[in-house]
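*Asks:* can you look at this prediction? I've put the sequence above it.
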Amino acid sequence: MIKKIKIIIKKLPLTYMLLNISRRLRIVEFLVFGLFIRIFSIIGISGSIDYAKKAVHKEDNLKNNHLEVKINHECITIIEPWPYGKKLALTINFDDISPNKEKGLTDFGGDLNGIIVKRFEELLSILREIKVTLFIPALLSIDLAKGRFYKQIGSIDDRKYERWRNWLKHWESTGRVEVALHGLYHYNYVKKSQAEFEGLSYEKAKPLMVRSLEIMQSAGFFPLGFRPPAWALGFSNCLINIAKELGFAYIAASGVNIGLNSYEKLVSDLLPTYYQGIINIPQNIVLGLRNNITFKLINEIEARRGVISIKGHFADSYYLASSLNITNYKWLISILYELYKEKDKIWFASMSEIAKYKICLKSIRIQQESSNILIVKNEGKYTIDGLTIKIANNDLTNRPYNQKNEERFVLPSISTGEIYRVELDSKKTKI
């Protein structure tokens, strides 16, 4: 009945004309706003020259990402930072994926037959090792004309988005896509900004986080990670404690001069690090970053055995910063192809996999059973795969550590509470 009424109304000449005018005004608004933002972003490109310098600022004391375990007076066993002895990790992540769509305006992934979804699926099919983390606002409030988040439309557990959810769950089931939380509204209705939690106290921020988590779970998603919208972590960074209380494994709350590092450098831009009792995984490369700066950063990350964390927005747009438009998509493919030339040294992982691995490393206990046997116990809450340890001299005597004689041992999967014995003269676990 309602559909029939709408059809009749649309047939009225004046109404139809007004609807067309409204439609055209939104498209004009879209184009003008996009042009303004594009000009602004071009002006700001000069600031990217210092990007690499800012990223490595105060990182000099981080020689590498190893964990050292002293077995006896002289002998030191080193736990490698990444599984299977990989030199560095690589993760790709996108913000703001949304099931909303409106023809002719910004596509945030709502059109499953649209260009942004096709581009995303093509990326996963071309480069089959990569893994992606998608950060989603739970209650959608997006204006597709401006790419802003202030018009409340509906939550992702709404029945009308079932097909979109099934598409997302399909990719999640492959183990190559992770769904993580990106706030509730992505909008602060007091400050009229995208920074949803900016200035909010613990008492005001927590109900928003609880509600967003409830909506995600109702939609069939159980996120382990959280990234604050527009990097705002609430008054006195209260969201960090809230994330811990709600059981998140990690936060993705920093980038070069943003988030936790906005005013001073509190966490590494190159390595996953603990901050106030929770793992923080940084963003260090954004889509479209100049190639010379990108590869300079990659070299710095590899030297420290860190993580390449490439971040963008899940949108086909030329005005939204670091969106997955065709230009940035080609840039991303070219960067990944270069990295693929030495892919054997890279651990391709989602953010939750990185967080779980780092949590496990903190819970690994190594003891000496005999002169030639190490006992390795996993006291963490996650199974750890590919744990790699490095030791010199191939025994546990008191001879000094000698890097020239060191050997690496890769261990099989170790479950929670499981003990594994490493025979140092065994060939089975050596790499």
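*Replies:* All right, it came through fine.

*Asks:* would you map the helices across the stretch 101-250 of the chain?
*Replies:* In the stretch 101-250 of the chain, the helices defined using DSSP state H, counting those that start in this stretch lie at 115-126, 162-173, 202-218, 238-245.

*Asks:* looking at these, which is buried most?
*Replies:* The highest mean neighbour count among the helices of the stretch 101-250 of the chain, using mean count of other CB atoms under 10 Å, belongs to helix 238-245: a mean of 19. For the C-beta atoms, the positions are set from N, CA and C on the backbone; glycine is no exception.

*Asks:* gap between it and the chain center?
*Replies:* 18 Å (CA atoms, centre = their mean, to the nearest Å).

*Asks:* what sits up against the helix or strand that that helix is followed by?
*Replies:* Following helix 238-245 in sequence order, the next helix or strand is strand 250-251 (DSSP states H and E). Strand 250-251 is contacted from outside by 224-228, 239-240, 243, 272, 275, 278-281, 351-352, 354-355, using CB atoms under 8 Å, 6 or more residues apart in numbering.

*Asks:* how is this protein carved up into domains?
*Replies:* With automatic domain parsing as the criterion, the domains of the chain are listed as 2-48, 61-86+363-431, 87-349.

*Asks:* one step back: mind checking which of the contacts of strand 250-251 are buried?
*Replies:* Among those, those classed as buried by 16 or more other CB atoms under 10 Å are 224-228, 239-240, 243, 272, 275, 278-281, 351-352, 354-355.

*Asks:* what helix or strand is the closest residue to Ile346 other than its chain neighbours on?
*Replies:* Using CB to CB, 6 or more residues apart in numbering and skipping the chain neighbours, the partner closest in space to Ile346 is Leu90 (5.1 Å). Using DSSP H and E, Leu90 sits in strand 88-95.

*Asks:* quick one: that strand to helix 115-126, angle?
*Replies:* 160 degrees (axes from the mean of the first three to the mean of the last three CA atoms, to 10 degrees).

*Asks:* any low-confidence regions in the stretch 1-150 of the chain?
*Replies:* Along the stretch 1-150 of the chain, the model assigns pLDDT under 70 to residues 1-49, 60-76, 102-105, 140-150.

*Asks:* measure Leu239 to Pro228 for me?
*Replies:* As for Leu239, its distance to Pro228 is 6 Å (criterion: CB to CB, to the nearest Å).

*Asks:* need the residues touching each of the two.
*Replies:* Residues touching both Leu239 and Pro228 (CB under 8 Å, 6+ apart) are 197, 251, 253.

*Asks:* just name the closest of those to Ile359, please.
*Replies:* Ile251 (13.0 Å; CB to CB).

*Asks:* which positions are bridged to the closest one in the beta structure?
*Replies:* Beta bridges link Ile251 to Phe226, Asn280 when assigned by DSSP bridges.

*Asks:* contact partners for the closest residue to Ile130 other than its chain neighbours?
*Replies:* Spatial nearest neighbour of Ile130, chain neighbours left out: Phe348 (5.4 Å); criterion: CB to CB, 6+ apart. For Phe348, the contact set (CB under 8 Å, 6+ apart) comprises 89-91, 129-131.

*Asks:* can you redo the shared contacts of Leu239 and Pro228 as TSV with neighbour count?
*Replies:* Formatted as TSV, the shared contacts of Leu239 and Pro228 follow (neighbours: other CB atoms under 10 Å):
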residue	neighbour count
Phe197	25
Ile251	28
Ala253	28
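
*Asks:* can I get these in TSV with pLDDT and distance to Asp111?
*Replies:* Below are those laid out as TSV (pLDDT from 0 to 100; distance: CB to CB, whole Å):
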residue	pLDDT	distance to Asp111
Phe197	93	29
Ile251	98	31
Ala253	97	30
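
*Asks:* got a list of what the nearest residue to Ala252 once chain neighbours are set aside touches?
*Replies:* Spatial nearest neighbour of Ala252, chain neighbours left out: Arg227 (4.2 Å); criterion: CB to CB, 6+ apart. Neighbouring residues of Arg227 by CB under 8 Å, 6+ apart: 93, 95, 135, 180-182, 251-253.

*Asks:* do that again at 6 Å, thanks
*Replies:* 135, 182, 252 (CB atoms under 6 Å, 6 or more residues apart in numbering).

*Asks:* given the strand holding Leu90, what are its sheet partners and their directions?
*Replies:* Assessed with DSSP bridges, strand 88-95 is paired to strand 132-136 (parallel), strand 307-313 (parallel), strand 346-348 (parallel).

*Asks:* what sits up against it?
*Replies:* Under CB under 6 Å, 6+ apart, the answer for strand 88-95 is 82, 130, 132-135, 182, 301-302, 307-314, 346-349, 351, 354.

*Asks:* can you rerun that using 7 Å?
*Replies:* For strand 88-95, contacts defined as CB atoms under 7 Å, 6 or more residues apart in numbering pick out 82, 130-135, 182, 227, 252, 301-302, 305-314, 324, 339, 345-351, 354.

*Asks:* next: stretch 200-216.
*Replies:* For stretch 200-216, the external contacting residues (CB under 7 Å, 6+ apart) are 138-139, 155-157, 181, 183-184, 197, 223, 234-235, 238-239, 242, 246.

*Asks:* re the thing from before, for Ile373, which of the strands paired with strand 88-95 is the nearest?
*Replies:* Going by CB to CB, the one of the strands paired with strand 88-95 nearest Ile373 is strand 346-348, 27.8 Å.

*Asks:* just give me how far the closest one sits from the chain centre.
*Replies:* With CA atoms, centre = their mean, you get 14 Å for strand 346-348.

*Asks:* I'd like the next helix or strand past it.
*Replies:* Later in the chain than strand 346-348, the nearest helix or strand by DSSP H and E is helix 351-362.

*Asks:* next, the angle from the strand or helix carrying Leu297 to strand 88-95.
*Replies:* In this assignment (DSSP H and E), Leu297 forms part of helix 291-303. If you take the same axes, to 10 degrees, helix 291-303 sits at 130 degrees to strand 88-95.
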